[in-house]
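In: Quick one: sequence plus predicted model below, questions after.
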Amino acid sequence: MRQGHPLLVHRQALASEGFAPPWVALFDIDSTLMDTSRRNLAILEAAAAELPVLRSVWERLDRKKASWNIVDPLREAGFDDPAVIEHVQAFWQERFFTDEWVQADEPYPGVAEFLADLKEEGFRLAYLTGRHRDGMEAGTRTSFLRHGLPAGSEERFFFKPDFHMGDLEFKTEVCRELESLGTLVLAVDNEPANANLFRRRFPGAMIVWLDTVTSPSPEILLPGIGRSAPSWFLDR
């Protein structure tokens with residue numbers, strides 16, 4: 001990581017204020033480190049193989065445009081059969097949150113190198129995700145290792161204990177445990193509500209909102225939160 005990188009400068013400022021290591025860098029996973037659009041497209045392609053009525057619309061999809069769910073791309077392509085859309089939604093729900101299909105994800109460009117740089121600079125990496133433990137932990141760890149992302153004994157993963165638990169509720173609870181890991185220097189998330197949570201709980205940390213995909217009706221970002229595209233990881 002280059003000398004004078006904003007994150008290193010921020011860490012030095014925290015040290016001068018009396019904060020001490022271990023220094024912690026926190027990341028969400030979906031649409032923050034990992035691009036989930038390929039997972040959505042793979043599931044939609046599987047649905048089209050099963051439902052002939054979708055094959056023509058599959059050819060019209062804008063496959064470069066990321067979407068929060070699997071239904072929006074169909075509607076944008078002009079498909080609006082309620083019964084089929086309901087079936088596709090159920091088809092997606094059964095697959096998206098699984099160890100198997102999470103393998104379709106790929107890290108955004110520069111993520112693996114950026115995380116490796118953080119480790120080299122002495123940061124402790126923590127991953128706080130809305131993925132649930134029983135159905136996605138094994139696949140997540142396998143995917144990380146396959147793509148060269150740090151996922152060893154030194155890294156800390158926080159998975160939801162229950163699929164039905166709300167992401168914000170879970171992340172709010174984990175904040176107490178994060179405080180025991182060390183000094184949080186950085187937190188990165190694609191959901192404004194989560195970025196706002198970290199801004200309130202860790203006022204000394206650098207909070208970055210990644211402008212990728214968000215859930216419907218996102219919160220307005222609080223002042224002091226950085227906004228960036230995934231290309232942020234390439235600035236090393």
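Out: Perfect, I can see it now.

In: mind checking the longest strand of the protein?
Out: strand 123-132 (DSSP state E).

In: partners of that one, with directions?
Out: Its sheet considered, strand 123-132 pairs with strand 23-27 (parallel), strand 156-160 (parallel) by DSSP bridges.

In: Same list (the ones you listed) but as TSV, adding mean pLDDT, distance to Glu86 and mean neighbour count.
Out: In this view, the C-beta of every residue, glycine as well, is placed from N, C-alpha and C. Converted to TSV, the strands paired with strand 123-132 look like this (pLDDT from 0 to 100; distance: least, Cβ to Cβ, whole Å; neighbours: other Cβ atoms under 10 Å):
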stretch	mean pLDDT	distance to Glu86	mean neighbour count
strand 23-27	98	34	23
strand 156-160	98	26	19
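
In: closest one to Tyr108 among these?
Out: Tyr108 lies closest to strand 23-27 among these, at 11.2 Å (Cβ to Cβ).

In: hmm, who's touching the closest one?
Out: Here strand 23-27 makes contact (Cβ atoms under 8 Å, 6 or more residues apart in numbering) with 7, 11, 33, 115, 118, 122-128, 178, 181-189, 198.

In: the strands in the chain, which residues?
Out: All strands of the chain, identified by DSSP E, fall at 23-27, 34-35, 106-107, 123-132, 156-160, 183-189, 206-210, 226-228.

In: Distance to Asp72 added to these, as TSV?
Out: Shown next, in TSV, are the strands of the chain (distance: least, Cβ to Cβ, whole Å):
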stretch	distance to Asp72
strand 23-27	25
strand 34-35	16
strand 106-107	21
strand 123-132	19
strand 156-160	24
strand 183-189	21
strand 206-210	20
strand 226-228	23
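
In: Give me the residue ranges of this structure where confidence is low.
Out: Applying pLDDT under 70 to the chain flags residues 62-67.

In: Helices of that one, residue ranges please.
Out: 6-16, 37-50, 55-60, 71-76, 82-96, 111-120, 133-146, 167-178, 192-201 (DSSP state H).

In: Deepest in the core, which of those helices is it.
Out: Highest mean neighbour count of these: helix 192-201, a mean of 20 (counted as mean count of other Cβ atoms under 10 Å).

In: packing partners for that one?
Out: For helix 192-201, the packing partners by 3 or more Cβ pairs under 8 Å, 6 or more residues apart in numbering; DSSP states H and E come out as helix 167-178, strand 183-189, strand 206-210.

In: among the strands paired with strand 123-132, which is nearest Ile220?
Out: strand 23-27 (21.6 Å).

In: That closest one vs strand 183-189, what angle?
Out: Here strand 23-27 runs at an angle of 10 degrees relative to strand 183-189 (axes from the mean of the first three to the mean of the last three Cα atoms, to 10 degrees).

In: Would you mind writing the CA trace of strand 23-27 as PDB?
Out: Taking C-alpha atoms only, strand 23-27 is exported to PDB below (Å, rounded to 0.1, in the frame of the first residue of the first chain):
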ATOM      1  CA  TRP A  23      -6.100  -2.200  14.000                       C
ATOM      2  CA  VAL A  24      -9.300  -3.600  12.500                       C
ATOM      3  CA  ALA A  25     -10.600  -3.300   8.900                       C
ATOM      4  CA  LEU A  26     -14.300  -4.400   8.500                       C
ATOM      5  CA  PHE A  27     -16.000  -5.400   5.300                       C
END
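
In: gap between it and the chain center?
Out: Taking Cα atoms, centre = their mean, to the nearest Å, one finds strand 23-27 lying 14 Å from the centre of the chain it belongs to.
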